[in-house]
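*Asks:* Fold the stuff below for me.
(2 chains)
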There are 2 protein chains.
Amino acid sequence: MSEEYNLKENSAGRLVPTIINGEDAIPFQGVEKYKPNHNKAAPPIATCADYPADGNKLIKDLKTALLETGIKDGMTISTHHHFRNGDYVANAIFDAAAEIGVKNLRWFPSASFPCHEPIIDHLKSGVVHHIEGSLNGPLGEFASRGKMKGMGVLRSHGGRYQAVQDGEVHIDIAVIAAPCADPFGNANGLYGESACGLLGFALADSQYADKVIIVTDHLIDFPCYPWQIQGNYVDYVVVMDKVGDPEKIISGTTRITKSPDRQLIAHLAARFLRDSGIMKDGFSFQAGAGGTSLAFIDHLSGYMREADVKARFVRGGSNEFLVNMLKDGLTDYILDGQTFDLKGVESMRDHPNHADTSPFTSYNYHGKGIFATMVDAAILGATEVDVNFNANVVTHSDGMLLHGIGGWQNTLFSRCTILTVPTFRNRIPILVDEVTTMVGPGELIDVVVTERGIAINPNRKDLIDSVKGSDLPIRSIEELRKETEEICGGKPAKPKLGDRVIAAIKWVDGTVIDAVRQVLD
Amino acid sequence: MSEEYNLKENSAGRLVPTIINGEDAIPFQGVEKYKPNHNKAAPPIATCADYPADGNKLIKDLKTALLETGIKDGMTISTHHHFRNGDYVANAIFDAAAEIGVKNLRWFPSASFPCHEPIIDHLKSGVVHHIEGSLNGPLGEFASRGKMKGMGVLRSHGGRYQAVQDGEVHIDIAVIAAPCADPFGNANGLYGESACGLLGFALADSQYADKVIIVTDHLIDFPCYPWQIQGNYVDYVVVMDKVGDPEKIISGTTRITKSPDRQLIAHLAARFLRDSGIMKDGFSFQAGAGGTSLAFIDHLSGYMREADVKARFVRGGSNEFLVNMLKDGLTDYILDGQTFDLKGVESMRDHPNHADTSPFTSYNYHGKGIFATMVDAAILGATEVDVNFNANVVTHSDGMLLHGIGGWQNTLFSRCTILTVPTFRNRIPILVDEVTTMVGPGELIDVVVTERGIAINPNRKDLIDSVKGSDLPIRSIEELRKETEEICGGKPAKPKLGDRVIAAIKWVDGTVIDAVRQVLD
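*Replies:* Okay, the predicted model is just below:
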């Protein structure tokens, strides 16, 4: 089996496939090392002569649209995940594809969720050959058990844009679920019952796919403005009764963690930003919308008020807490990659300084710069961190692939990357000797904040100096690991893995940073 | 000489070059006839590893930036014309190029203006080989006299996007003058002393050029938002004292014509829209910012108020009169391609329904549709119209090339294209037997409104029927031509032309619709 991948050791010391689903792949060469020497993908040139002059691209239903695109065996169909676990569209696509009778499709979502469990039947029947995109929950377990025919490929948000832009992944058909659209195909996520804020994850798909289908449940007269997706890239527009479950697309509210340990971690991270001097006028940070992140934002906002400090920009996924910072004048801008609650959607719609960004502007490593490197501090999570500061976000220590990369790899390029992690979960250590899967190289991870103390990467002498004299509990990561093992009664059990590579993990430049193996029973 | 062009007759009966400056060109084949069968241009892939992590792309001055790009003999340098006759940047580029000592550059502006007269010295000295872009005023005269080494190529705004997108024109270095920018290269036209509203004419340049330089006189901290030009496409940022003359970039006010004839034409055009039934709830129109257009908008606004009719959208170039329509609720949106006065700039900055569009969204014929075909009526000018409704906007009947195409060819695709023209200017007939230069095919021109009556294209029986019974002065174009000649004392004098082709006129699909000949003394 391993011959079909031609495994080679990459610069991170990981054995990785150099052939993925029959195509050549380049092993990771180190951060900033791989230099592309070719040109971007070049989509076929369209002509207005082939499109309706009245701008009306409406077509009866999704199946008819797929037939019109010329869907064939082996094609690649892409979707976005702004609807998260409330998406109805991806399942509808592959149900339609099954009815049409095509086989061996590659599904290229920006992420998959538990709501996509029905795709497993299409994987079993051969309608879908394999999935390239994050494999959250049941699909991850299915793949981990070695049941998916092809190899999964996980990419960051920026890596996905890069792969499409660079022609590594050719999308035959992009299906873009849109909360609001016009018959020309202009679309946004700001209006309608399924409003999800923005549609940035579908940007590359719209620009580079051969055929683009917009699916909406809220059709308005031209122009649908702002046109986050531009109708000039769109072939067909389909109206469905419902594109998703609004309750699962956007939670009405996101909540601060109630766990005392996580509260402590959030507090320490906020104190670190304050006491290190990162928190100063004109600074910037990025944090997610998990309970710990929200608590962090809440604490930091308090410190900023106390010190009368204003950020130049904050990065989301946006949520009520970031929106309040903007409203209260604690930041000039929110530069947002996805909205996580209704307040985020409303703010993006109504506040002129709540900007929608895309994986192109924020994360595409194969551009002339990215926003991510200009962020002063990024607050992120991890499933594992090792004593060399390498981190994992996709597998657990039992080897199961249960999470996507999201923007995580991309945000590692911030000026100070802080992982906020408990030392253990369910009595299994998070701090380990070596991560099960290498997703982020330690040289990009600067600080690990746990409930038992803060470890600073020894490479970052400037950060170590910056908190000297503070009362922050600075400790070595080695020390934290040992203490964790004492509490948990030892190191995590070794995962039982087979030889088969069930997924490749791409770095932001398209090279392969690690491989995920089949989990044996 | 003609062998070097290999002249052939195109479907409009015009002899056109099939070789332009050494490259193959395709003769016009008729509206909607030519179908491209290749792929878009594919720019080289960049990597963040080669760009500063702090996002600071500032470089000392324009000359240094040009040297950094690797400027060489024969390269193509592009600029935009949002600063119109107040631009300081294009002259500064070629002065710097002359200092560097490069030769035979191709200047690819979206338009040139009388302020660019100093480029003539660079054409004479060989720094600039030729200009591809509109040749307004002195540069047009210079070319018309046969003094430019290479052949000029005139394209519409949409045709320019198409040419860049399709790889017909490869831009080595784009220099984008920006009223407001940040050190990363995000830029817009909304703020600063040189505010010009938007930067859409530079969009293709930013996306497809090998190297992109932003030049600004108003540098702000990241992020410059909205990022009409995305810093992710930008290599260098240069700060200049002044990028242009604000008074000439934007006129404080644009004025309605005072000429009784033009007032009459504007009035008739507005009545035509009203009486034909085109003016109805949800309709749309496009008009420019000349004195006749403004008078037209003023009249039409009055009719819309009387009839309680609201437009879905109006298209600019925006100006005070369109802005008032938006403010007064006479239209839902302004879809704007360039702002012509300060009210336009302010409205684009502050009104959420004043949208900035680009040649890509509005005009690029090699896309999956364009906004232009969805416009109910377009009100345009012309230098000549012939009895077959063919029209000219670039040359006068003496053969002198004095004007650019602008968006004119693109807007011909509206549902009802109306030319508002006086029957004669300076005692020279505008209505002629055959246009000197074919820029727009008669089949796309529906109505000609003059001070002596309205001619409707016989092909548009629906329009003829729509105004039956009205008191509009509907006449045949032949009749209007005859009357004009009687007033002027005959047909226009034949131009004295040489054999040499001094410029090619492209159609929206990149084919050559006509050739412009040298004017003899």
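
*Asks:* got the residues of the stretch 301-450 of chain A near chain B?
*Replies:* A:312-313, A:333, A:335, A:352-353, A:355, A:360-361, A:364-371, A:373-374, A:413 (Cβ under 8 Å from any Cβ of the partner chain). Quick note: C-beta positions are derived from backbone N, CA and C, even for glycine.

*Asks:* Now do the residue of the stretch 101-250 of chain A at minimum distance from chain B, the pLDDT please.
*Replies:* Using Cβ to the nearest Cβ, the closest approach of the stretch 101-250 of chain A to chain B is made by A:Asn232 at 4.2 Å. pLDDT for A:Asn232: 98.

*Asks:* Please look at it and B:His366 and confirm they touch.
*Replies:* No. With contact defined as Cβ atoms under 8 Å, A:Asn232 does not count as touching B:His366 (10.0 Å).

*Asks:* Next step: the residues of the stretch 301-450 of chain A next to chain B restricted to helices.
*Replies:* Those of those mapping onto helices are A:360-361, per DSSP state H.

*Asks:* still on that earlier bit, quick one: residues contacting the closest residue to the residue of the stretch 101-250 of chain A closest to chain B other than its chain neighbours.
*Replies:* Nearest residue to A:Asn232, sequence neighbours excluded (Cβ to Cβ, 6 or more residues apart in numbering or on different chains): B:Gly367, at 4.2 Å. The neighbours of B:Gly367, taking Cβ atoms under 8 Å, 6 or more residues apart in numbering or on different chains as the test, are A:46, A:48, A:232-233, B:360.

*Asks:* Could you dump those into TSV with secondary structure added?
*Replies:* Shown next, in TSV, are the contacts of B:Gly367 (DSSP: H, G, I helix; E, B strand; the rest coil):
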residue	secondary structure
A:Ala46	coil
A:Cys48	helix
A:Asn232	helix
A:Tyr233	helix
B:Phe360	helix
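
*Asks:* quick check, nearest of these to A:Lys149?
*Replies:* Nearest to A:Lys149 out of those is A:Tyr233 (Cβ to Cβ; 31.1 Å).

*Asks:* give me the number of residues near A:Ala53?
*Replies:* A:Ala53 has 16 neighbouring residues, counting by other Cβ atoms under 10 Å in any protein chain shown.

*Asks:* Would you mind measuring from it to B:Ser414?
*Replies:* From A:Ala53 across to B:Ser414, the span is 10 Å (Cβ to Cβ, to the nearest Å).

*Asks:* shared neighbours of these two, which are they?
*Replies:* With Cβ under 8 Å, 6+ apart as the test, A:Ala53 and B:Ser414 both reach B:Thr373.

*Asks:* In three-state terms, label the most centrally placed residue in chain A for me.
*Replies:* Geometric centre of chain A, nearest residue: A:Gly406, 1.4 Å, by Cα atoms, centre = their mean. When classified by three-state DSSP, A:Gly406 comes out as coil.

*Asks:* Parallel or antiparallel, which strands does the strand ranked longest in chain A pair with?
*Replies:* Using DSSP state E to define each element, chain A has its longest strand at strand A:497-506. Applying DSSP bridges, strand A:497-506 is found paired with strand A:152-154 (parallel), strand A:512-519 (antiparallel).

*Asks:* I'd like those strands as a markdown table, with distance to A:Gln162 appended.
*Replies:* Shown next, in a markdown table, are those (distance: least, Cβ to Cβ, whole Å):
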| stretch | distance to A:Gln162 |
| --- | --- |
| strand A:152-154 | 13 |
| strand A:512-519 | 13 |
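
*Asks:* out of these, deepest packed?
*Replies:* strand A:152-154 (a mean of 28; mean count of other Cβ atoms under 10 Å in any protein chain shown).

*Asks:* How far off centre is that one?
*Replies:* 13 Å (Cα atoms, centre = their mean, to the nearest Å).

*Asks:* and after that strand, which helix or strand comes next?
*Replies:* With elements assigned by DSSP states H and E, the helix or strand that comes after strand A:152-154 is helix A:157-165.

*Asks:* isn't A:Asp245 right up against A:Arg84?
*Replies:* No. At 9.7 Å, A:Asp245 does not count as touching A:Arg84 under the criterion of Cβ under 8 Å.

*Asks:* Looking at these two, which one has more neighbours?
*Replies:* Shown here are A:Asp245 and A:Arg84; by other Cβ under 10 Å, A:Arg84 has more neighbours (20 against 16).

*Asks:* Who are the contact partners of the more buried one?
*Replies:* Applying Cβ under 8 Å, 6+ apart, we find A:Arg84 in contact with A:113, A:196, A:248-249.
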